[in-house]
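Peer 1: the following comprises the amino acid sequence and a computationally predicted model.
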Amino acid sequence: MGQPYRIAVGGFQHETNTFATTKATYDVFVKAGAWPGLTRGEALFDDVAGINIAIAGFIEAARRAGHELLPLSWSQATPSAQVTEDAYERIVGQMVADLAAMENLDGLYLDLHGAMVAEHIDDGEGELLRRIRKAVGPALPIVVSLDLHANITPEMVALADCLEAYRTYPHIDMAATGRRAAGHLDALLTGTGGRFKAFRQLPFMIPLTSGCTYEGPAREVYREVKLLAREPGVTGVSFACGFCPADFPGAGASLVTYGTSQQAADDAAEALYAAAVERESAFALEVLSPAEAVREGMRIAAHADKPVILADAQDNAGGGGSSDTTGLLKALLTAGAEGAVLAVLYDPAAAEAAHAAGPGATLSLALGGASGIPGDSPLEGRFTVAALGDGRFTGTGPFYKGARMQLGLMALLEIHGVRVVVASHKVQAADQAMLRHLGVEPAEQRILALKSSVHFRADFQPLAETVLVVVSPGFVVLDNRQLAFRRLRPGLRIMPLGPVFGPQSMESGSGGAAELAG
Ligand SMILES: [Zn+2]
């Protein structure tokens, strides 16, 4: 490590699903949920401490190295439709103004997601970096950590000295990625960092659930990332699976490498590109309908002593889902899946009504189904209030570890033997503490239906008999052929071995893409 340096730190995170309907306003960034609300200045350090997020890891490592840290702001909002122009301009404006007021800076670290789209800007991070470069000049080293689901653009690569993405999905290495970013910034400050870079965009999109690094092609690609990062002359290697429901030219999987020579960066990029594209067919989507999944789940659960998990993968708040769809819940009721527990359904009105009625009360509700998703509707019926909670607890699993949750009023509602965990804040069901908060011990259940695409696996897969991925109507569309893309890069295959995007083929409005040419 070098001498103490003065390093500014901040973050601004959003994963934007341009096909969703609810936008991220300034208030949404300010409000705390699973993670802290907007925090600025000295308070930032306490607010993020001990949480599995990248900035916390960066701060820990940079302090250990003896550097002086100067806080900007850090904020994030649950994935949704575009960040409003007002929110973007206020938060970016603050960051740029705070930076401009800092003197004798040696470096800058930013904790970004990499898939932000604002109402008025396609490439949220590229534009943020452009404005920051303008404020700090071309020479200041800027290191950025990114989500594994970043849609990395050429502008982001050009404007930052180093981009470092998470290597796990579920993202159990967020803080670790921040620590790696700190190592990159140290290297750049002391002259050992690689100044050469290479960037490649993959020719096909990777469906969200196919990016899980516990198994399959993604596990192998990230193993390659780690191996290449140790090659002589290579100083950084990142692979991003991308975030598909983002209709702009930068969407899709990509990789970026750094080296002490252009040759080293290029060689690592070529090797990683080959490792990914040769596995294209293995990235294919594997899913079940709600009725199929419930039938199969009940069949397995009848002979298992561990829970069967049904992943309600298209209603994942972490991917822009409304967290209130009822397709899987209705399938459980239709099949008479008594004892099943579904979590976490967003319905503040139902939670409030349950609190007003009190424990043990029975009440009529139209639960969830309020987002106007075609094919989805509320579940109307009589519910019993099985438990109540204030929504304040701390995450215990590998993904949400240390997160000081504020999910608003919560309730456990029972209907025909099926129980539903209801919250007043949208959050994906990725931590057992969300169920335990209402007295439900996850390992003791027969069937757990979880509104999450992949992150639940970090805390729940170890206790599961099996996991079945379900596609019920929701905003996190896994089959990209159902998305009405208009503005992707021409030639990009929207699914592994799938149809090629072409502007003309998207004009039908059917949401379908053209047949694969040739
Ligand atoms: Zn992600």
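Peer 2: In hand now; what should we look at? Values in this document were obtained by computation on a predicted structure and should not be read as measured data. Numbering: from 1, shown residues only.

Peer 1: please make it C-alpha for all contacts and neighbour counts, starting now.
Peer 2: Noted.

Peer 1: quick check: His67 touching Tyr5?
Peer 2: Yes. Using C-alpha atoms under 8 Å, His67 makes contact with Tyr5 at a distance of 4.9 Å.

Peer 1: list residues touching both of these two?
Peer 2: Contact criterion C-alpha atoms under 8 Å, 6 or more residues apart in numbering; residues shared by His67 and Tyr5: none found.

Peer 1: low-confidence ranges, this structure, go.
Peer 2: The chain contains residues with pLDDT under 70 at 1-2, 503-518.

Peer 1: SS state for the most centrally placed residue in it?
Peer 2: By C-alpha atoms, centre = their mean, the chain has its centre lying nearest to Gly318, at 5.1 Å. At Gly318 the chain is in helix, as set by DSSP: H, G, I helix; E, B strand; the rest coil.

Peer 1: same question, Ala97
Peer 2: Here Ala97 is recorded as helix under three-state DSSP.

Peer 1: how near is it to Glu89?
Peer 2: Going from Ala97 to Glu89 by C-alpha to C-alpha, to the nearest Å gives 12 Å.

Peer 1: how about Lys306, nearest residue that isn't a chain neighbour?
Peer 2: Glu465 (5.0 Å; C-alpha to C-alpha, 6 or more residues apart in numbering).

Peer 1: helices of the stretch 151-300 of the chain, start to end?
Peer 2: 154-159, 174-190, 216-229, 262-277, 290-301 (DSSP state H, counting those that start in this stretch).

Peer 1: and those: which comes nearest Arg457?
Peer 2: helix 216-229 (14.1 Å; C-alpha to C-alpha).

Peer 1: using CSV, write out the CA atom coordinates for the closest one.
Peer 2: The C-alpha trace of helix 216-229 is given here as CSV (Å, rounded to 0.1, in the frame of the first residue of the first chain):
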residue,chain,number,x,y,z
GLY,A,216,-24.3,-24.2,-15.1
PRO,A,217,-22.5,-22.0,-17.6
ALA,A,218,-22.3,-18.9,-15.4
ARG,A,219,-20.4,-20.8,-12.7
GLU,A,220,-17.9,-21.8,-15.3
VAL,A,221,-17.5,-18.4,-16.9
TYR,A,222,-16.9,-16.8,-13.5
ARG,A,223,-14.3,-19.5,-12.7
GLU,A,224,-12.6,-18.3,-15.9
VAL,A,225,-12.8,-14.7,-14.7
LYS,A,226,-10.9,-15.6,-11.5
LEU,A,227,-8.3,-17.5,-13.4
LEU,A,228,-7.7,-14.8,-16.0
ALA,A,229,-7.4,-12.2,-13.3
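
Peer 1: now do it against helix 262-277, angle only.
Peer 2: Here helix 216-229 points in a direction 170 degrees away from that of helix 262-277 (axes from the mean of the first three to the mean of the last three C-alpha atoms, to 10 degrees).

Peer 1: and helix 216-229, what other elements does it pack with?
Peer 2: On a contact count with 3 or more C-alpha pairs under 8 Å, 6 or more residues apart in numbering; DSSP states H and E, helix 216-229 meets strand 234-240, helix 262-277.

Peer 1: hey, where'd the helices end up in the stretch 351-500 of the chain?
Peer 2: With DSSP H, counting those that start in this stretch, the ranges of helices along the stretch 351-500 of the chain come out as 433-436, 456-460.

Peer 1: next, format those helices as TSV and append mean neighbour count and distance to Arg223.
Peer 2: Formatted as TSV, the helices of the stretch 351-500 of the chain follow (neighbours: other C-alpha atoms under 10 Å; distance: least, C-alpha to C-alpha, whole Å):
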stretch	mean neighbour count	distance to Arg223
helix 433-436	21	30
helix 456-460	22	18
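
Peer 1: could you dump these to CSV with distance to Glu292?
Peer 2: Shown next, in CSV, are the helices of the stretch 351-500 of the chain (distance: least, C-alpha to C-alpha, whole Å):
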stretch, distance to Glu292
helix 433-436, 25
helix 456-460, 21
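
Peer 1: of those helices, which is nearest Lys197?
Peer 2: With C-alpha to C-alpha as the criterion, Lys197 lies closest to helix 456-460 of these, at 32.4 Å.

Peer 1: contacting residues around the closest one?
Peer 2: Here helix 456-460 makes contact (C-alpha under 8 Å, 6+ apart) with Pro170, Ile172, Gly397, Pro398, Phe399, Gln428, Ala429, Ala430, Asp431, Gln432, Leu450.

Peer 1: how about stretch 260-268: buried residues?
Peer 2: Neighbour counts over stretch 260-268 (16 or more other C-alpha atoms under 10 Å) mark Thr260, Gln262, Gln263, Ala264, Ala265, Asp266, Asp267, Ala268 as buried.

Peer 1: now, which of these sits nearest Asp46?
Peer 2: The closest of the buried residues of stretch 260-268 to Asp46 turns out to be Thr260 (C-alpha to C-alpha; 36.3 Å).

Peer 1: list phi and psi for that closest one.
Peer 2: Phi and psi for Thr260, reported as degrees, to the nearest 10, are phi -80, psi -10.

Peer 1: so what's it up against?
Peer 2: Thr260 neighbours (C-alpha under 8 Å, 6+ apart): Gly193, Gly194, Arg195, Phe196, Gly233, Val234, Thr235.

Peer 1: what about 10 Å?
Peer 2: Remark: with contacts taken as C-alpha atoms under 10 Å, 6 or more residues apart in numbering, Thr260 is in contact with Thr192, Gly193, Gly194, Arg195, Phe196, Lys197, Pro232, Gly233, Val234, Thr235, Gly236.
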